[in-house]
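Enquirer: Could you work out the structure for the sequence below:
(one chain, ligands or ions: 3)
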Amino acid sequence: MSTIKLRNVRPYGEDPTDLYVRDGVLVEAVDDPDETVDADGLIALPGLVDLHTHLREPGGEEAETVDTGSAAAALGGYTAVFAMPNTDPVADSPVVVEHVWRRGREVGLVDVHPVGAVTVGLEGAKLAEMGMMAASPARVRMFSDDGRCVNDPLIMRRALEYARALGSVVAQHAEDHRLTIGAQAHEGPVAARLGLTGWDPTAEESIIARDVMLASAAGARLHVCHLSTARSAAILRWARESMDAGNGFTVSAEVTPHHLLLTDAAAEDYDPVHKVNPPLRPVADTEALRRALADGTVDCVATDHAPHAVEAKDCEWPAARPGMLGLQTALPVVVATMVTTGLLDWRGVARVCSEAPARIAGLPDQGRPLAAGEPANLTLVDPDAAWTVRGAALASRATNTPYEGMEMPVSVVHTMLRGRWTVQDGKVQE
Ligand SMILES: NC(=O)N[C@@H](CC(=O)O)C(=O)O
Ligand SMILES: [Zn+2]
Ligand SMILES: [Zn+2]
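Expert: Ligands and ions are numbered 1, 2, ... in the order given. I've put the predicted structure just below:
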């Protein structure tokens with residue numbers, strides 16, 4: 001197999017050096033590479049890993065498919081994504097998770113790992129075939145009813161106990177649905193002025209507090225999806241300090257790029273492109289989430305990429321579906337909110353966008369150091385190439401980006417999956 005030389009690349013934004021790739025792995029310097037790529041000025045990171053993506057296949061192909069979502073992921077610098085199970089049919093059985101996993105392999109642009117549902121049909125009543133999904137070729141290692149909360153504490157306790165036995169993690173969409181009936185936007189002055197029913201942050205915080213207790217008692221691993229308030233972060237700190245009995249309990253959490261950048265004021269234009277679950281929060285929460293990500297309280301960034309067809313968004317606010325695109329804008333938004341502000345350096349970006357999510361999901365070949373002998377999963381970023389977001393120009397089938405017309409500070413130029421280019425010069429390599 002041929003050897004590729006990446007000339008003058010800056011690993012983690014540090015001093016320029018040359019990297020060499022052969023047979024899908026990083027290798028020591030080679031005298032006569034077959035191909036030399038001029039990477040002058042480009043920053044190399046381990047390929048990004050997204051724990052929370054909605055690829056909409058099967059059943060929602062008018063919004064996204066494994067094909068279009070994989071292209072968006074590769075263009076965003078991702079080499080692995082976790083596909084949420086709120087599809088139609090729901091990914092609550094080996095048949096459906098295997099379908100998603102196979103489609104991911106056929107497309108080949110990014111490793112697609114299906115997340116299995118916790119309960120049958122996401123209905124919250126009966127546990128899904130977690131063991132069968134774990135044992136299937138898709139090797140499901142993360143379970144979630146995302147879109148819905150596992151609201152029943154007894155079901156959640158059983159799910160945590162099963163997950164523990166399977167060596168897997170339960171990713172909870174923390175929302176007490178009794179507190180969010182009809183909720184449209186963060187409960188506060190903006191929602192009140194617009195006449196939108198408020199989404200009480202206690203709905204999120206109370207479930208996180210309950211779940212860390214259940215997980216601690218079960219010695220299980222809990223992952224909190226799209227954490228969105230300062231108090232949620234405080235509960236995580238408290239849980240880690242006071243609840244770790246050394247019995248296998250861990251709690252991890254993700255924050256989305258949109259909760260790091262946008263606030264509830266975005267709803268002022270009454271454009272449902274800003275409708276998302278959990279809702280955009282006041283600036284005090286946004287700032288607290290940035291600090292929590294910087295100090296490690298929140299482990300990682302996950303996109304919650306949620307494509308929706310035009311008719312699901314082009315309507316009045318209460319009728320619109322919640323969710324926004326995220327895969328192609330995630331890294332630039334993390335740079336704008338965390339690097340430009342001095343909260344993280346590029347090593348920190350590698351930690352929150354690649355290493356930590358790979359560790360949480362238990363992926364042995366992702367989020368690895370940029371060193372000889374390691375798998376060649378790479379993202380090359382131009383830190384000086386700003387670009388303007390146009391929903392219609394994104395690879396997703398849907399166009400519901402909240403960043404339309406906004407300038408992003410950096411560009412993903414190349415992405416490599418196990419030594420093969422999936423993106424070169426910003427173009428997908430089929
Ligand atoms: N985040 C959202 O607003 N929507 C998600 C579901 C979810 O992540 O809860 C979706 O599937 O559209
Ligand atoms: Zn969710
Ligand atoms: Zn989601």
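
Enquirer: what residues are up against the residue in the chain that ligand 2 sits nearest to?
Expert: Closest contact between the chain and ligand 2, by C-beta to the ion, is at H173 (3.6 Å). The C-beta positions use only the backbone N, C-alpha and C, and glycine is treated the same way. H173 is in contact with S144, D145, D146, G147, R148, C149, C225, H226, N277, counting by C-beta atoms under 8 Å, 6 or more residues apart in numbering.

Enquirer: helices or strands next to the longest strand belonging to the chain in the packing?
Expert: Ranked by number of residues, the top strand in the chain under DSSP state E is strand 3-11. Secondary-structure packing of strand 3-11 (3 or more C-beta pairs under 8 Å, 6 or more residues apart in numbering; DSSP states H and E): strand 17-22, strand 35-38, strand 43-46, strand 378-382.

Enquirer: Redo those as a markdown table? Include distance to A230 and mean neighbour count.
Expert: As requested, the helices and strands packed on strand 3-11 are exported to a markdown table (distance: least, C-beta to C-beta, whole Å; neighbours: other C-beta atoms under 10 Å):
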| stretch | distance to A230 | mean neighbour count |
| --- | --- | --- |
| strand 17-22 | 40 | 19 |
| strand 35-38 | 43 | 14 |
| strand 43-46 | 28 | 24 |
| strand 378-382 | 30 | 24 |
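
Enquirer: T87 is nearest to which of these?
Expert: strand 378-382 (27.2 Å; C-beta to C-beta).

Enquirer: now the angle from the closest one to strand 17-22?
Expert: Between strand 378-382 and strand 17-22, the angle comes out at 140 degrees (axes from the mean of the first three to the mean of the last three C-alpha atoms, to 10 degrees).

Enquirer: Which is the succeeding secondary structure element to strand 378-382?
Expert: Remark: after strand 378-382, the chain's next helix or strand is strand 387-388, criterion DSSP states H and E.

Enquirer: How far does that following strand sit from its chain's centre?
Expert: Chain-centre distance of strand 387-388: 22 Å, with C-alpha atoms, centre = their mean, to the nearest Å.

Enquirer: List the strands paired with that strand, with their directions.
Expert: Strand 387-388 pairs in its sheet with strand 407-408 (antiparallel), by DSSP bridges.

Enquirer: contacting residues around stretch 277-288?
Expert: Here stretch 277-288 makes contact (C-beta under 8 Å, 6+ apart) with 147, 173, 175, 183-186, 188, 199, 201, 204, 226, 228-230, 233, 258-267, 274, 322-323.

Enquirer: now swap in stretch 403-410 and tell me
Expert: Against stretch 403-410 from outside (C-beta under 8 Å, 6+ apart): 273, 329, 331-333, 335-336, 340, 381-391.

Enquirer: swap the cut-off to 10 Å and go again
Expert: Identification of contacts with stretch 403-410 by C-beta atoms under 10 Å, 6 or more residues apart in numbering yields 43, 77, 257-258, 261-262, 271, 273, 324-326, 328-329, 331-336, 339-340, 381-392, 394.

Enquirer: That stretch - what's its average pLDDT?
Expert: Regarding stretch 403-410, the rounded mean pLDDT is 98.

Enquirer: Now do the same contact list for the closest residue to S70 other than its chain neighbours.
Expert: Once flanking residues are discounted, S70 sits nearest to L109: 4.1 Å by C-beta to C-beta, 6 or more residues apart in numbering. Applying C-beta under 10 Å, 6+ apart, we find L109 in contact with 66-67, 69-75, 78-79, 81, 395, 415, 417, 420, 422-423, 428-430.

Enquirer: Now, those residues that are in strands?
Expert: Using DSSP E, these in strands are Y78, T79, V81, T415, L417, R420, T422, V423, V428.
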